[in-house]
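S.K.: Fold the following.
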Amino acid sequence: MADSVAIYALGIITNKLTKLNRQSVDANTQLNAFWAPFLLLHLGGPDTITAYALEDNELWLRHLLALVTQAGVTFYIFLMAWTGPNISILAIIMILAGLVKYGERVYVLWAASSEQFRDSIPDPPPKFSKILEQHKLMEAEGYDVIPHVVIEVRDATVENTVDGANLSSPEKDLNLEQRYKHLLLSSEDRDTSRSVLKDKNFLAVFKIIEIELGIMYDLLYTKAKAIHTSWGLARRITGLVSICIVLVLFILIEDPNYSVADLCLTFVLLAVAIFLEIYALVFLLFSDKTACWLIKEKKFAVLDFINWLQPLTKRHRWSDHMAQYSLLSFAIKEKHLPCHQILEFLHIDEAVEKLLYKHHKKVTEEIKIL
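M.R.: Predicted structure coming up:
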């Protein structure tokens, strides 16, 4: 509901300003107008989520239209409430921060859409070109050709190692650098990874797959595409510093005409904005993508410091549990909630009550071995 609430709040502020002329804009109305850039900022959403399903990424064009529309509304509010340089200068800074944040959201949705994401996948190795040419020629001659991917198995002397890491050894014997090095593979290595990981220590392989799936999740559902760059880090630091400057300057503005309630709400908006920027920086520093980049750049001192801090975050890549659903219990032994009749009237009784038959079980080492 975050987007709907922000859009509704912008509409209320716009409606209030429309009923006033420029001369009747008092201090509290200016403060209300100052909230508009914060709503634009929060429409950008947090770095940890941009899509809840893959279909959401296909709606990037709708979000682009929303960005243009809401930015226009914010500028309209800003111009209508402009009566002096004090708070209006602070509003300009917040508008720029909001545009960057919302623009990032639209960009990552576009980058994760099916067409763009497919184009971003690395090209196949050069040796595939001859196979593709033969495939096209045989199709042109009328043959019904079914393409198969040829996997080259590495030499047995290097089969147990990837980038110097011994995959036969227990996971505890692999240092973090070795684990992350498995992610720095070329497109040719991608085709041989299955054969390389076969029959290796299950804990080591499972951890590598966790990291790979985590990075894939970040690319499809979060702002990783925009933030895991030098510019992305610079934007996070700049955004945090600029909002902190706005907070300090706002405290220095002494206007007794502001109501206590409006002042408290303004400080809450500023505090939440700063908290989200700090959280985004922490999320960026402790991500697997950052660890890969640090290893690639041989910045091991920074990586060791981050790993030293990591236990404080209590971050887990996944819950280590799998959902179990009892179809027999659902079919034979019905469980009804007290509000079953209301749910039945809304035609959502089956969807809601299915949750009663679902439970979670821990993924044990035996299951990982299997």
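S.K.: quick check: domain ranges of this protein?
M.R.: 2-117+229-285, 128-221, 321-369 (automatic domain parsing).
S.K.: Out of those, which is closest to F300?
M.R.: domain 128-221 (7.0 Å; C-beta to C-beta). From N, CA and C alone the C-beta is placed, and that goes for glycine too.
S.K.: Give me the average confidence score over the closest one.
M.R.: Averaging pLDDT along domain 128-221 gives 63.
S.K.: And stretch 30-49, by the same measure?
M.R.: Averaging pLDDT along stretch 30-49 gives 88.
S.K.: Return the set of buried residues in it.
M.R.: For stretch 30-49, burial by neighbour count (16 or more other C-beta atoms under 10 Å) applies to 30-47.
S.K.: With just CA atoms, put the helix or strand hosting T238 into CSV.
M.R.: With secondary structure defined by DSSP states H and E, T238 is part of helix 230-252. Backbone C-alpha positions of helix 230-252 (Å, rounded to 0.1, in the frame of the first residue of the first chain) are rendered in CSV as follows:
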residue,chain,number,x,y,z
SER,A,230,30.8,2.9,-8.2
TRP,A,231,28.0,5.3,-9.1
GLY,A,232,25.5,3.4,-7.0
LEU,A,233,27.8,3.6,-3.9
ALA,A,234,28.4,7.3,-4.7
ARG,A,235,24.6,8.0,-4.9
ARG,A,236,24.0,6.3,-1.6
ILE,A,237,26.7,8.3,0.2
THR,A,238,25.6,11.5,-1.5
GLY,A,239,21.9,10.9,-0.6
LEU,A,240,22.7,10.2,3.0
VAL,A,241,24.9,13.3,3.4
SER,A,242,22.4,15.6,1.6
ILE,A,243,19.5,14.4,3.8
CYS,A,244,21.6,14.9,7.0
ILE,A,245,22.4,18.4,5.8
VAL,A,246,18.7,19.1,5.2
LEU,A,247,18.0,17.9,8.8
VAL,A,248,20.6,20.2,10.3
LEU,A,249,19.5,23.2,8.3
PHE,A,250,15.9,22.6,9.1
ILE,A,251,16.7,22.6,12.8
LEU,A,252,18.5,25.9,12.4
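S.K.: Tell me which residues of the helix or strand following it come out buried.
M.R.: Beyond helix 230-252 in the direction of the C-terminus, DSSP H and E gives the next helix or strand as helix 260-285. Across helix 260-285, burial judged by 16+ other C-beta under 10 Å covers 262, 266, 269-270, 273-274, 276-277, 280-281, 283-285.
S.K.: which element is the closest residue to G45 other than its chain neighbours on?
M.R.: Leaving aside its chain neighbours, G45 sits nearest to R105 (5.4 Å; criterion: C-beta to C-beta, 6 or more residues apart in numbering). For R105, the host element (DSSP H and E) is helix 85-111.
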